[in-house]
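Undergrad: All I have is the shape, not the residue letters:
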């Protein structure tokens with residue numbers, strides 16, 4: 001089974017490229033050969049890989065900058081997603097499209113289900129929701145995977161930011177009234193490979209397609225995540241910081257963040273038999289890659 005992944009440098013794309021399985025060959029395509037704003041280049045780049053499944057992991061993810069770059073965010077996350085979906089549909093292969101918790105306004109008190117009303121409060125969230133709609137309209141065999149709080153041992157993410165800040169600070173102020181599930185990019189990638197195999201083996205089962213939520217198990221706040229990172233870092237003799245919990249109002253940003261980013265992933269488990277590991281277990285595995293424990297010191 002060959003997966004064609006759009007995007008080459010993002011956390012999920014990198015994790016997909018690192019998937020090692022004799023049954024799964026991953027080829028990533030990116031700019032300049034695959035420019036999501038150019039439908040012709042998207043089709044040519046994807047077709048050249050002769051894929052069994054396409055995974056659209058490319059996106060405009062600068063959440064705050066998107067408030068001032070609306071056209072660019074929609075060019076990639078909306079129109080570009082449509083170009084990828086159209087290419088996959090023309091080639092007759094299933095598509096997995098990565099989306100986000102930011103399609104919700106965050107006002108719900110319980111985890112969001114796939115059929116809950118959307119209501120993005122940021123340009124980024126609106127562009128991703130528009131992309132979902134475009135993908136589903138363009139391709140009947142598309143799987144939209146909403147996820148949250150992605151982190152990895154490489155790239156730009158919350159976990160790495162906390163470790164960097166702790167290098168020269170003894171205390172870090174972190175928002176404590178936003179809740180969600182940290183999602184480890186390699187776990188997400190392995191799940192994508194499993195879902196891909198499922199849709200390839202049963203392509204006429206309509207239940208396998210549509211919108212699914214896929215995030216790490218459990219939930220926490222950003223402050224809780226930071227505290228866990230530092231506790232685990234200390235166990236590895238890595239410099240850590242104390243966490244000062246603050247309210248969202250004490251840390252203003254250009255784009256509004258959902259207070260509740262928790263996603264109900266029961267449908268994914270029921271339909272595809274996939275459930276991601278708990279975020280804390282994933283965090284420790286991530287830190288093992290950054291700073292392995294030395295149990296014999």
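TA: Cool, the structure landed. Please read these numbers as outputs of a predicted model, since none were measured by experiment.
Undergrad: just the strands in this structure please.
TA: 2-6, 25-29, 53-56, 95-100, 142-147, 150-151, 171-175, 179-180, 183-184, 210-213, 220-221, 242-246 (DSSP state E).
Undergrad: Which of those strands sits closest to residue 36?
TA: strand 2-6 (7.1 Å; C-beta to C-beta). For the C-beta atoms, the positions are set from N, CA and C on the backbone; glycine is no exception.
Undergrad: Mind checking the pLDDT average for that closest one?
TA: For strand 2-6, mean pLDDT is 96.
Undergrad: now do stretch 211-229
TA: The model assigns stretch 211-229 a mean pLDDT of 98.
Undergrad: what comes up buried for it?
TA: Residues of stretch 211-229 classed as buried by neighbour count (16 or more other C-beta atoms under 10 Å): 211-217, 219-229.
Undergrad: pLDDT score assigned to residue 21?
TA: Reading off the confidence values, residue 21 has pLDDT 77.
Undergrad: tell me the contacts of it?
TA: For residue 21, the contacting residues are residue 193, by C-beta atoms under 8 Å, 6 or more residues apart in numbering.
Undergrad: what about the helices in the protein?
TA: 11-17, 39-48, 70-74, 81-91, 123-138, 158-166, 185-201, 222-235, 266-272, 279-290 (DSSP state H).
Undergrad: Quick one: closest of these to residue 3.
TA: Residue 3 lies closest, by C-beta to C-beta, to one member of those: helix 185-201, at 5.9 Å.
Undergrad: and the closest one, how far out from the chain's middle?
TA: Computed by C-alpha atoms, centre = their mean, to the nearest Å, the separation of helix 185-201 from the middle of its chain amounts to 13 Å.
Undergrad: Other residues contacting it?
TA: Residues from elsewhere that reach helix 185-201, judged by C-beta under 8 Å, 6+ apart: 1, 3, 11-12, 14-16, 18-19, 21, 23-24, 52-53, 55, 94, 96, 141, 143, 145, 147, 150-152, 155, 208-209, 214, 216, 272-274, 276-277, 282, 285.
Undergrad: hmm, 7 Å instead?
TA: 1, 3, 11-12, 15-16, 18-19, 21, 24, 52-53, 55, 94, 96, 143, 147, 150-152, 208, 214, 216, 272, 274, 276-277, 282 (C-beta atoms under 7 Å, 6 or more residues apart in numbering).
Undergrad: What subset of the residues you listed is buried?
TA: Buried among those by 16+ other C-beta under 10 Å: 3, 11-12, 15-16, 19, 24, 52-53, 55, 94, 96, 143, 147, 150-152, 208, 214, 216, 272, 274, 276-277, 282.
Undergrad: buried stuff in stretch 146-160?
TA: In stretch 146-160, the ones that count as buried by 16+ other C-beta under 10 Å are 146-153, 155, 157-160.
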